[in-house]
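Participant: The following block contains a protein sequence and its predicted model.
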Amino acid sequence: MKYYLTIISALLILASCDKPVVNPEPTMNYIDLENKEVKFSESASVDINKDAIADVRFSTKFLGDPIAKKDMHIYLASSRGSCRLPVDADENAPVLFKGDVIPLENFAGHTWYENTQIQLAQKIVGITGEPFWEGLWKSSNHQYLPLQVMVNKQRFNGWIELSFDTNGEKIILHKAAISKMPEKYVVAGI
């Protein structure tokens, strides 16, 4: 009986100890983008850190290639001002899923660049054959575009949640978020 009382006492003492709560993810500022649609020949901007300067601009452009006898409807994301996007050698940004970590340093194969432009997807329309889509984001459904905003030489990580609708030929902007604290990694969608 004494043995059980000793074990119970020890468990009660251990349970009453204050343990620090560790939360590695910073608190985020969230923006509802209200499922804003960016159709071909339209554009939309996101001011993620609320400084009255657009950080990311979503736009489209038409490119005709008379030699190949095809036209392209290109859907783009551009970082502006002190906003950075991770870009690879093919000028693409990674498509993240909810729970993916957005690091402060570079993603594997990607480098953070300010004032850059990436191609999300493009529709190819030729003289012969059916139109078709290309690009990493063409099938995205509530995926996350990672970004960083520089403020006073400090990095604030964030993301924009977007989908791509090839049938409707549009980008859909759902939500965005940016860390309240500098120099912290964040988790996409959280």
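Facilitator: Perfect, thanks for sending it.

Participant: which residues in this structure form helices?
Facilitator: For the chain, the helices defined by DSSP state H occupy 2-16.

Participant: Where does pLDDT dip in it?
Facilitator: 1-26 (pLDDT under 70).

Participant: May I have the residues that are in contact with the spatially most central residue of the chain?
Facilitator: Centroid-nearest residue in the chain, with CA atoms, centre = their mean: Leu145, separated by 1.9 Å. Each residue near Leu145 by CB atoms under 8 Å, 6 or more residues apart in numbering is listed here: Val56, Ala77, Leu85, Ala93, Val95, Leu96, Trp159, Ile160, Leu162. C-beta here means a position set from N, CA and C on the backbone, and glycine is covered the same way.

Participant: Who does Val149 form a beta bridge with?
Facilitator: Cys83, Phe156 (DSSP bridges).

Participant: So what's the residue count around it?
Facilitator: 24 (other CB atoms under 10 Å).

Participant: which residue packs closest to Val56, ignoring adjacent ones?
Facilitator: Spatial nearest neighbour of Val56, chain neighbours left out: Val46 (4.8 Å); criterion: CB to CB, 6 or more residues apart in numbering.

Participant: right, and the one you found touches Glu34 too?
Facilitator: No: the pair formed by Val46 and Glu34 falls short of the contact definition of CB atoms under 8 Å, at 11.5 Å.

Participant: neighbour-wise, which of these two wins?
Facilitator: Val46 (23 against 9).

Participant: how much space between the more buried one and Gln143?
Facilitator: Using CB to CB, to the nearest Å, Val46 is found at 15 Å from Gln143.

Participant: do the same with Ala121
Facilitator: 12 Å.

Participant: any residues in contact with both of those two?
Facilitator: With CB under 8 Å, 6+ apart, Ala121 and Gln143 have common neighbours Trp137.

Participant: and the closest residue in space to Asn141 that isn't next to it in sequence, what is it in contact with?
Facilitator: Residue nearest to Asn141 in three dimensions, not counting chain neighbours: Ser163, with 5.1 Å by CB to CB, 6+ apart. By CB under 8 Å, 6+ apart, the contact list for Ser163 reads Ser140, Asn141, His142, Gln143, Ile171, Ile172, His174.

Participant: circling back: show me which of the contacts of Leu145 is closest to Trp133.
Facilitator: Val95 (14.3 Å; CB to CB).

Participant: quick one: the closest one from Arg80, how far?
Facilitator: 21 Å.

Participant: quick one: the strands in the protein?
Facilitator: Secondary structure of the chain, counting by DSSP state E: strands at 28-39, 44-46, 56-65, 70-79, 83-87, 101-102, 111-114, 117-126, 132-134, 143-151, 154-165, 170-179, 186-187.

Participant: send the alpha carbons of the third one over as PDB?
Facilitator: Looking back up the chat, that one is strand 56-65. Taking C-alpha atoms only, strand 56-65 is exported to PDB below (Å, rounded to 0.1, in the frame of the first residue of the first chain):
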ATOM      1  CA  VAL A  56       1.900  40.500 -54.900                       C
ATOM      2  CA  ARG A  57       0.100  41.200 -58.200                       C
ATOM      3  CA  PHE A  58      -1.800  38.500 -60.100                       C
ATOM      4  CA  SER A  59      -2.200  39.200 -63.800                       C
ATOM      5  CA  THR A  60      -2.500  37.700 -67.300                       C
ATOM      6  CA  LYS A  61      -1.000  38.400 -70.700                       C
ATOM      7  CA  PHE A  62      -1.400  37.300 -74.200                       C
ATOM      8  CA  LEU A  63       1.500  36.000 -76.200                       C
ATOM      9  CA  GLY A  64       1.200  35.100 -79.900                       C
ATOM     10  CA  ASP A  65       3.800  32.900 -81.700                       C
END
